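Visitor: The following comprises the amino acid sequence and a computationally predicted model.
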Amino acid sequence: MFSSSKSIAVVTGGAGDIGRSVAAHLSTTHDLVFIVDIDKQFLSTALNSKELAGNEKVQPFTCDIAEETYVRSMGAIILSQGQVRTLVNNAGGTYVGSLDKMSSQRWRAEMSLNLDATYLCFKAFAESIKETRGSVINITSVNALSVFGNPAYSAAKAALINFTRSIAVEYGKFGVRANAVAPGTVFTKAWEAKARAGNDLFDKLKEWYPLERIIQPEDVANAVAFLASDQAAAITGVCLPVDCGLLAGQPSVARAFAQSEDY
Ligand SMILES: NC(=O)c1ccc[n+]([C@@H]2O[C@H](COP(=O)([O-])OP(=O)(O)OC[C@H]3O[C@@H](n4cnc5c(N)ncnc54)[C@H](O)[C@@H]3O)[C@@H](O)[C@H]2O)c1
């Protein structure tokens, strides 16, 4: 009876770099934070990470969120601990950079993880989020808003923005808010293989960013924490880029078009 009053945040892909930072932030405003991840080993490493070590509010949950039956039972178990006030759909990833190298199997797998699984997680917690007048934050990407490669992932992340708006419009009458956060390049384990390949990858990528740096997991977590808070009580249905200015434009492009060294 006592546990049913606990306010819960659920962070999918919670063992990842962005997920851990988000979980640490939300643990200051919720009684419990479930970090849900497919990888048991990542979860146990996450619990000992600098962000989460010793934080007793953070609980691991192993689940493949692309599998509907697993998501349903995850939902039932988590809801036996309290009410979900915040759902952060953060699990995501991409493997294939171009249409030419894409197989139909990979296309469906990237759609399944980046879009369908988000819908499944939302449905698992929708009633509880209604009861708590809570909020949903979907982690999309700058890839949703322009072409930076990885077409299946990008199409799924673009669809996620419209899914976010659908929640905002249909569930707004219950006091539920839904927003998306679109990060630019964040150095996480998702980039490790490419970073290992060398070629000063991140130094080269920085050149495309007006703020001359890439994004930190903490930058994304700050945006999520804000959107989950009462400070964002009137904000719903938006997609907030956390991109160090990438989508605003590129200095080198402006320099070429304006023929001005001021950029
Ligand atoms: N890193 C970037 O540059 C970047 C940029 C824009 C958007 N994003 C988005 O941010 C989110 C987090 O990415 P990240 O860079 O922290 O990645 P990450 O690889 O560090 O973390 C992703 C986590 O999701 C988990 N996961 C994968 N498939 C799963 C499944 N089926 N069920 C449950 N968990 C699963 C992984 O085990 C991993 O721990 C993703 O949605 C990603 O698309 C990342």
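Guide: Yep, that arrived. Numbering: from 1, shown residues only.

Visitor: All the strands of the stretch 51-200 of the chain, in order from the start?
Guide: Here the stretch 51-200 of the chain has its strands, by DSSP state E, counting those that start in this stretch, at 58-62, 83-89, 135-139, 177-183.

Visitor: so after the least confident helix or strand in the chain by mean pLDDT, what's the next helix or strand?
Guide: Least confident helix or strand of the chain, by mean pLDDT, DSSP states H and E, is helix 192-196 with a mean of 80. Note on helix 192-196: by DSSP states H and E, the next helix or strand toward the C-terminus is helix 201-206.

Visitor: in that following helix, what's buried?
Guide: 201, 205 (16 or more other C-beta atoms under 10 Å). Placement of C-beta: from N, CA and C, glycine included.

Visitor: Which of the three states applies to Thr236?
Guide: Judged by DSSP: H, G, I helix; E, B strand; the rest coil, the three-state class of Thr236 is coil.

Visitor: before we move on, back to that, show me the contact partners of the least confident helix or strand of the chain.
Guide: 187, 201-202 (C-beta atoms under 8 Å, 6 or more residues apart in numbering).

Visitor: With distance to Leu160 and pLDDT added, can I get these in CSV?
Guide: As requested, these are exported to CSV (distance: C-beta to C-beta, whole Å; pLDDT from 0 to 100):
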residue, distance to Leu160, pLDDT
Phe187, 22, 90
Leu201, 26, 87
Phe202, 25, 87
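
Visitor: Would stretch 235-246 count as contacting the ligand?
Guide: No. Using C-beta under 6 Å from any ligand atom, stretch 235-246 stays clear of the ligand, with a minimum separation of 8.6 Å.

Visitor: Could I get the average pLDDT for that stretch?
Guide: Across stretch 235-246, the average pLDDT comes to 98.

Visitor: Report the distance from it to the chain centre.
Guide: Centroid separation between stretch 235-246 and its chain, computed with C-alpha atoms, centre = their mean, to the nearest Å, is 12 Å.

Visitor: So which bits of that stretch are buried?
Guide: For stretch 235-246, the neighbour count (16+ other C-beta under 10 Å) marks 236-246 as buried.

Visitor: Quick one: name the residues of the stretch 151-263 of the chain near the ligand.
Guide: Residues of the stretch 151-263 of the chain lying close to the ligand by C-beta under 6 Å from any ligand atom are 183, 185-186, 188-191.

Visitor: which residues touch the nearest residue to Ile167 once chain neighbours are set aside?
Guide: Take Ile167 and drop its neighbours on the chain: the residue closest to it by C-beta to C-beta, 6 or more residues apart in numbering is Ala178, 3.6 Å away. For Ala178, the contacting residues are 135-138, 164-165, 167-168, 171, 236-237, by C-beta under 8 Å, 6+ apart.

Visitor: Turn these into TSV, columns for distance to Asn114.
Guide: What follows is the contacts of Ala178, written out as TSV (distance: C-beta to C-beta, whole Å):
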residue	distance to Asn114
Ser135	20
Val136	15
Ile137	15
Asn138	10
Thr164	13
Arg165	17
Ile167	16
Ala168	19
Tyr171	21
Thr236	22
Gly237	20
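
Visitor: Rebuild the strands of the stretch 51-200 of the chain as CSV, extending it with mean pLDDT and distance to Phe122.
Guide: Shown next, in CSV, are the strands of the stretch 51-200 of the chain (pLDDT from 0 to 100; distance: least, C-beta to C-beta, whole Å):
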stretch, mean pLDDT, distance to Phe122
strand 58-62, 98, 16
strand 83-89, 99, 7
strand 135-139, 99, 6
strand 177-183, 99, 9
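
Visitor: which one of the ones you listed lies closest to Lys157?
Guide: Within the strands of the stretch 51-200 of the chain, the stretch nearest Lys157 is strand 177-183; the backing value is 7.8 Å (C-beta to C-beta).

Visitor: which residues touch the helix or strand containing Phe226?
Guide: Phe226 belongs to helix 217-228 when assigned by DSSP H and E. Contact with helix 217-228 is made by 9, 17-18, 20-22, 24-26, 29, 86, 88, 135, 137, 139, 177, 179, 181, 183, 186, 188, 232, 235, 240, 242, as judged by C-beta under 8 Å, 6+ apart.
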